[in-house]
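Peer 1: Dropping a prediction and its sequence here:
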Amino acid sequence: MKGVDQRVLCFSAALLVASAVGLAQNPPQNPPAAPPEGQTAAINSGDPRVGLKPGYRNAGVAAKNMELVATMPKPGPFEPKDILEGAATVTPDAGRGAAAAGSTATTAATAAATPATPAAGAPAGSAAPGAPGAPAAAAAAGRGGPRGLDLANSDLAFRRADMFLGNFNGFNTYDIETPKKPRLLASVVCPGGQGDMSVHGNLLFMSVEQTRGRVDCGTQGVTETASAERFRGVRIFDISDISHPKQIAAVQTCRGSHTHTLVADPKDKANIYVYGSGTSTVRPGDELAGCSSEDPDKDPNTALFSIDVIQVPLASPEKAKIVNRPRIFADLQSGAIAGLEKGGDRGPGTQPSRVTNQCHDITVFPEVGLAAGACSGNGILLDISDPVHPVRLDAASDKNFAYWHSATFNNDGTKVIFTDEWGGGTSPRCRATDLLNWGADAIFDIVDKKLQFRSYYKMPAPQTEQENCVAHNGSLIPVPGRDIMVQAWYQGGLSVFDFTDSAHPVEIAFFDRGPIDAVKRVIGGYWSTYWYNGRIYGSEIARGLDIFKLTPSEFLTQNEIDAAAGVQLDEFNAQEQPRMTWPATFKVARAYLDQLNRSKALNAARASALKSAIDKADKDKPAKGALDTLDTLAGEIEKDAASASGVDAARMKALASTIKTRTAKLRT
């Protein structure tokens with residue numbers, strides 16, 4: 001590929017500020033029924049992930065049905081000299097209960113975006129390693145110098161053979177044309193956290209929420225309570241020269257951008273839109289006009305209870321601006337903008353709820369016109385047919401959820417998985433005493449644009465008190481005919497699971513390391529694990545970058561893995577879900593045939609005849625008779641599909657269609 005020098009870069013930028021309006025939305029719907037009291041992870045104490053040796057670079061490893069093919073440490077500007085001192089550490093409290101009724105959750109927003117309270121006697125601009133929950137006064141004061149999570153890796157984005165790895169201190173770009181040998185292309189120092197990334201053509205987007213962020217990407221922080229030098233919002237870089245990214249826009253927002261989502265409007269080719277989700281404190285109005293942290297009854301124009309919609313003109317991205325702040329949590333009948341979860345104690349045996357005045361993550365699926373918002377106290381379903389004015393279709397709540405964190409649709413847009421970040425990502429929430437439906441995924445079917453709860457899924461192996469662990473970011477693995485997801489669980493490693501049957505998800509592969517330290521809880525593990533063009537990429541908070549390949553097993557055949565790898569994307573942002581399509585190849589046909597054999601939907605003679613016919617036709621110039629035989633069998637499979645039901649019928653139809661499309665092409 002291209003030869004590019006490794007570089008470390010800094011930037012200056014222009015400030016962009018815009019106003020917005022709010023809209024009333026639909027009311028909440030009935031929550032799913034609470035399941036009976038669940039089991040704890042103790043039932044899986046024999047799992048090979050239990051008891052792995054601690055270590056930073058030499059931790060014990062357990063893997064099933066996947067292989068680590070490459071690993072890279074974080075580059076110099078992002079690597080603390082002493083992992084136990086420079087990274088976020090917590091002294092475990094052995095006496096803390098796993099599921100104490102009435103306990104409060106620390107959100108990722110607090111742990112990652114709020115500066116720590118300065119230590120007694122510390123010079124101005126310095127801070128003690130971060131205790132979550134610092135008061136608002138401390139949150140308003142920026143500081144320089146890495147502390148806590150300030151060097152943590154965060155989210156990933158992909159463009160062709162380029163990968164962008166976000167970090168609280170900036171971002172790194174890699175050449176992944178050869179996944180076994182990734183190459184660092186550039187390191188960009190631009191502090192502000194979280195550093196979540198998205199890419200669109202030659203534009204790279206970056207979330208900034210911490211109060212140390214500066215418009216000019218400087219590392220000295222901002223000490224004043226209100227300052228024109230502070231930046232909190234969405235940065236936009238020109239990456240037409242990937243070795244020299246240039247910041248060309250910086251859209252300021254009232255709460256900063258904890259995460260963001262790109263939204264393409266098929267009817268508007270001139271612009272790309274960004275949904276900005278801020279979860280931190282509201283900045284003072286004398287720093288950014290129009291920002292208010294008042295409750296809605298005191299100030300109807302409060303910056304709470306909304307998201308930011310940013311319009312980015314593709315011909316002039318430097319003119320990006322906020323064009324709406326939709327009130328997607330409003331009550332339709334009353335018009336009250338605080339219309340969803342109110343927060344508070346929900347009684348014994350339940351999680352305390354969070355006020356729904358923010359979204360942590362929004363995942364859009366433009367091809368079906370839907371978005372799923374994981375919005376602190378609720379999971380919501382949105383109509384985004386008009387991206388500037390999203391409309392809430394439904395909302396779910398769950399007494400087992402502490403903080404609705406992120407969402408992933410299946411490829412048909414008929415299911416959605418919401419995650420619960422119980423403990424904010426810095427706490428151990430996968431211990432033997434922790435419930436398997438707390439800090440887990442909730443799987444919903446989408447029926448008539450309403451959310452219907454089906455089941456929970458949680459990485460099953462109990463982890464230690466030294467390992468921060470809870471559900472986090474993942475993506476689909478595009479195996480045709482199945483719904484499969486890879487997901488990060490911080491120091492719980494990564495888990496691959498099948499949710500084709502949404503009521504009965506099944507783990508099919510995993511990778512895990514032991515804790516970073518045997519005594520201290522050093523915050524680490526996978527922030528995100530995403531499938532991209534045949535490999536799984538893992539952003540490890542403390543250790544760097546890992547790349548994996550799946551290996552065949554009784555749960556997943558080589559044909560299914562090959563079919564998934566046949567889906568090649570030019571760009572991938574996990575929160576901007578594309579609809580995956582598969583080329584009509586014999587690899588895809590064999591994947592469907594393997595699935596039908598696994599479910600015993602075909603008799604042995606029919607399956608054997610199909611396999612033999614596909615093998616004979618899978619040549620550069622197959623004989624006409626071989627193609628005729630295969631077409632005849634495809635017709636018989638279509639007839640079988642008429643008497644089958646559910647997923648087997650769908651697979652039979654897809655198999656027949658794939659075969660006929662492929663043989664037609666081979667005849668030309």
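Peer 2: It's in.

Peer 1: okay, now Ala591: neighbour count?
Peer 2: Per other C-beta atoms under 10 Å, the neighbour tally for Ala591 reads 30. In this view, the C-beta of every residue, glycine as well, is placed from N, C-alpha and C.

Peer 1: With Leu52 instead?
Peer 2: Around Leu52 there are 20 other residues, counting by other C-beta under 10 Å.

Peer 1: Check it and give its pLDDT.
Peer 2: Leu52 is assigned a predicted lDDT (pLDDT) of 98.

Peer 1: how close does it sit to Gly481?
Peer 2: For Leu52, the distance to Gly481 (C-beta to C-beta, to the nearest Å) stands at 34 Å.

Peer 1: just Asn58 next, same as before
Peer 2: According to C-beta to C-beta, Asn58 and Gly481 sit 40 Å apart.

Peer 1: before we move on, what about Lys621?
Peer 2: Distance from Lys621 to Gly481, counting by C-beta to C-beta: 29 Å.

Peer 1: Report the spatially nearest residue to Arg590, omitting neighbours in sequence.
Peer 2: Asn559 (3.9 Å; C-beta to C-beta, 6 or more residues apart in numbering).

Peer 1: End to end on stretch 47-54, go ahead and measure it.
Peer 2: 17 Å (C-alpha to C-alpha, to the nearest Å).

Peer 1: Now tell me what touches that stretch from outside.
Peer 2: With C-beta atoms under 8 Å, 6 or more residues apart in numbering as the test, stretch 47-54 has contacts from 44, 59-62, 64, 460-463, 466, 493, 510, 512-518.

Peer 1: Show me the shaky parts of the stretch 301-450 of the chain.
Peer 2: Applying pLDDT under 70 to the stretch 301-450 of the chain picks out no residues at all.

Peer 1: ok, 90 please
Peer 2: Low-confidence segments of the stretch 301-450 of the chain, defined by pLDDT under 90, span residues 332.

Peer 1: Kindly report the same for the stretch 1-150 of the chain.
Peer 2: Residue ranges of the stretch 1-150 of the chain with pLDDT under 90: 1-39, 76-77, 79-148.

Peer 1: Regarding the protein, what is its longest helix?
Peer 2: Longest helix in the chain, counting residues (DSSP state H): helix 646-667.

Peer 1: Which elements pack onto it?
Peer 2: For helix 646-667, the elements it packs on are helix 586-598, helix 604-617, helix 624-643, judged by 3 or more C-beta pairs under 8 Å, 6 or more residues apart in numbering; DSSP states H and E.

Peer 1: Of these, which stretch is the most buried?
Peer 2: helix 586-598 (a mean of 23; mean count of other C-beta atoms under 10 Å).

Peer 1: what angle separates that helix from helix 604-617?
Peer 2: Using axes from the mean of the first three to the mean of the last three C-alpha atoms, to 10 degrees, the direction of helix 586-598 lies 170 degrees away from that of helix 604-617.

Peer 1: Restricting to C-alpha, output helix 586-598 in PDB.
Peer 2: Taking Å, rounded to 0.1, in the frame of the first residue of the first chain, the C-alpha atoms of helix 586-598 are listed here in PDB:
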ATOM      1  CA  PHE A 586     -20.400 -20.800  -3.800                       C
ATOM      2  CA  LYS A 587     -18.800 -19.900  -0.500                       C
ATOM      3  CA  VAL A 588     -22.100 -18.300   0.500                       C
ATOM      4  CA  ALA A 589     -24.100 -21.200  -0.800                       C
ATOM      5  CA  ARG A 590     -22.000 -23.600   1.200                       C
ATOM      6  CA  ALA A 591     -22.500 -21.500   4.400                       C
ATOM      7  CA  TYR A 592     -26.300 -21.800   4.000                       C
ATOM      8  CA  LEU A 593     -25.900 -25.600   3.300                       C
ATOM      9  CA  ASP A 594     -23.900 -26.000   6.500                       C
ATOM     10  CA  GLN A 595     -26.600 -24.200   8.500                       C
ATOM     11  CA  LEU A 596     -29.300 -26.400   7.100                       C
ATOM     12  CA  ASN A 597     -27.300 -29.500   7.900                       C
ATOM     13  CA  ARG A 598     -26.700 -28.200  11.400                       C
END
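
Peer 1: and it, what's its mean pLDDT?
Peer 2: The average pLDDT within helix 586-598 is 98.
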